[in-house]
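Undergrad: this one's structure only:
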């Protein structure tokens, strides 16, 4: 069983819509949760980190964490074509290393 | 503040050779982690160094090794290269305050093994 699972996608949304990306993890002692954006041919870029249950908003991005359900999500409001990328969910436990999901490819259609 | 830098950006090697990759973390960051990214396996953790000590190691063979210097710069070495080692090798640095573990990636080194 994969430790971090994401919707493999691809996910397509029209410009201006809300994109919803989901992630589940298996290790209950996980402490830190991250969303990275990776453009084709580039390295991952950290866009959100969340450590406590609930929502965390940063601009057009909202991360949601539910530790009881072992679920993390990322909402992108007012999606733009420049948001088209692969989004990687990463989870960190006491060992501090990041375990990544396989990523969800998002395409925002103009 | 300058980001994480990695050198070289591209490498072409042949099977059996060895390679050394270099990573300079963000100023003030003491933790450096290395990851391998391939289309088939995704992003996989190799090892992490903190204050010149390897703190964690992923599930990779002993051909993969690393070290960290007193200025937090890190190198990783792959010996006896195999075709399957072709990948993007990413270095990430972190300040590591208590439970915070935000890791920032460098641009990566694209290794091709022929």
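TA: Arrived safely, thanks for sending. Here the structure is a predicted model, which means the values were calculated and not measured.
Undergrad: for the rest of this, base every contact and every neighbour count on C-alpha atoms.
TA: OK.
Undergrad: lowest average confidence, helix or strand, in the chain?
TA: With no chain named, the answer covers chain A. Comparing helices and strands within chain A by mean pLDDT, DSSP states H and E singles out strand A:98-100 as the least confident, with a mean of 92.
Undergrad: I was thinking of chain B, sorry if that wasn't clear
TA: Among the helical and strand segments of chain B, the one scoring lowest on mean pLDDT, DSSP H and E is strand B:53-57, with a mean of 91.
Undergrad: would you mind getting the angle between whichever helix or strand comes after it and strand B:53-57?
TA: Downstream of strand B:53-57, the next assigned helix or strand under DSSP states H and E is strand B:64-68. Strand B:64-68 runs at 140 degrees relative to strand B:53-57, counting by axes from the mean of the first three to the mean of the last three CA atoms, to 10 degrees.
Undergrad: thinking again about what came up before, quick one: list the elements packing against the least confident helix or strand of chain B.
TA: Helices and strands touching strand B:53-57, by 3 or more CA pairs under 8 Å, 6 or more residues apart in numbering or on different chains; DSSP states H and E, are strand B:42-50, strand B:64-68.
Undergrad: and the longest one, what does it pack onto?
TA: On a contact count with 3+ CA pairs under 8 Å, 6+ apart, strand B:42-50 meets strand A:98-100, strand B:31-38, strand B:53-57, strand B:64-68.
Undergrad: what does chain A put close to chain B?
TA: Residues of chain A found near chain B (CA under 8 Å from any CA of the partner chain) are A:31-32, A:34, A:42-46, A:49, A:92, A:95-102.
Undergrad: quick check: residue B:54 touching residue B:33?
TA: No. Residue B:54 lies out of contact with residue B:33 (CA atoms under 8 Å); the separation is 9.5 Å.
Undergrad: list residues touching both of the two?
TA: Listed as contacting both residue B:54 and residue B:33 by CA atoms under 8 Å, 6 or more residues apart in numbering or on different chains are B:47-48.
Undergrad: show me which of the two is the more surrounded one.
TA: Using other CA atoms under 10 Å in any protein chain shown, the more surrounded residue of residue B:54 and residue B:33 is residue B:33, with 29 against 17.
Undergrad: grab the nearest non-local neighbour of the more buried one.
TA: Excluding the flanking residues, the one nearest residue B:33 by CA to CA, 6 or more residues apart in numbering or on different chains is residue B:48, at 4.1 Å.
Undergrad: strands - which of the residues of chain A next to chain B land there?
TA: Residues of the residues of chain A next to chain B located in strands (DSSP state E): A:32, A:34, A:45-46, A:49, A:92, A:98-100.
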